[in-house]
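Asker: Quick one, what's the 3D model for this:
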Amino acid sequence: MKIERKRLRYMGSLLALLLSISFQSFSQTNATITGTVRDNDGAVLSNVTVVAINEADTSVQKSAITNDLGVFQLELNTGARYRFRVSYVGFQTQVIGNYAVTAGQNRAVAVTMVPSAT
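Answerer: As a prediction, the model looks like this:
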């Protein structure tokens with residue numbers, strides 16, 4: 001009976017350890033940033049280049065291209081701040097940002113592009 005209790009305690013501890021490791025493995029370390037790019041008349045713009053730049057280490061960058069609905073999506077590392085550089089032919093490059101990114105975050109960003117001066 002005494003051996004059985006020790007065995008059950010051991011198995012319970014082992015199960016708790018395995019569950020702890022599993023939860024840590026599945027915890028989110030990325031955040032999803034989704035945005036829509038429009039012109040100043042409100043029309044969506046496709047094929048716009050969006051670059052997320054890590055504020056602390058500008059060599060860390062991720063980019064995306066907007067789809068036919070003007071939507072882009074970026075998976076970014078958490079625990080950092082990012083700015084976004086948005087560029088499209090015929091429009092002024094927009095830089096927006098200083099967005100803090102936290103684990104599991106789903107954030108929406110709206111960008112309005114202004115035509116370049118001719």
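Asker: can we go C-alpha only for contacts and neighbour counts from here?
Answerer: Noted.
Asker: What ranges does this protein have for its helices?
Answerer: With helices called from DSSP state H, the chain shows them at 2-26.
Asker: Please state the mean pLDDT value computed over the longest strand along it.
Answerer: Counting residues, the longest strand in the chain under DSSP state E turns out to be strand 30-39. The average pLDDT within strand 30-39 is 91.
Asker: What residues of that strand count as buried?
Answerer: Neighbour counts using 16 or more other C-alpha atoms under 10 Å place 30-33, 35-38 of strand 30-39 among the buried residues.
Asker: What of stretch 54-61?
Answerer: Buried residues in stretch 54-61 (16+ other C-alpha under 10 Å): 54-55.
Asker: Check the offset of stretch 75-84 from the chain's centre.
Answerer: Taking C-alpha atoms, centre = their mean, to the nearest Å, the mean C-alpha location of stretch 75-84 is offset from the chain mean by 6 Å.
Asker: go on, stretch 54-68?
Answerer: Offset of stretch 54-68 from its chain centre (C-alpha atoms, centre = their mean): 10 Å.
Asker: What lies in contact with it?
Answerer: 36-37, 44-53, 72-74, 76, 80-83, 98 (C-alpha atoms under 8 Å, 6 or more residues apart in numbering).
Asker: Name the spans of the protein whose pLDDT lies under the cut-off.
Answerer: Applying pLDDT under 70 to the chain picks out residues 1-28, 118.
Asker: If we use 80, what do you get?
Answerer: By pLDDT under 80, the low-scoring segments of the chain are 1-29, 104-105, 118.
Asker: re earlier: in PDB, list the C-alpha atoms belonging to the longest strand of the chain.
Answerer: Once non-C-alpha atoms are left out, strand 30-39 reads as follows in PDB (Å, rounded to 0.1, in the frame of the first residue of the first chain):
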ATOM      1  CA  ASN A  30       4.100  35.700 -32.200                       C
ATOM      2  CA  ALA A  31       1.500  38.400 -32.900                       C
ATOM      3  CA  THR A  32      -0.600  38.900 -36.000                       C
ATOM      4  CA  ILE A  33      -0.800  42.400 -37.400                       C
ATOM      5  CA  THR A  34      -3.500  42.800 -40.100                       C
ATOM      6  CA  GLY A  35      -4.100  46.000 -42.000                       C
ATOM      7  CA  THR A  36      -5.900  47.600 -44.900                       C
ATOM      8  CA  VAL A  37      -4.400  50.100 -47.200                       C
ATOM      9  CA  ARG A  38      -6.600  52.700 -49.000                       C
ATOM     10  CA  ASP A  39      -6.000  55.800 -51.000                       C
END
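Asker: Cheers, nothing more for now.
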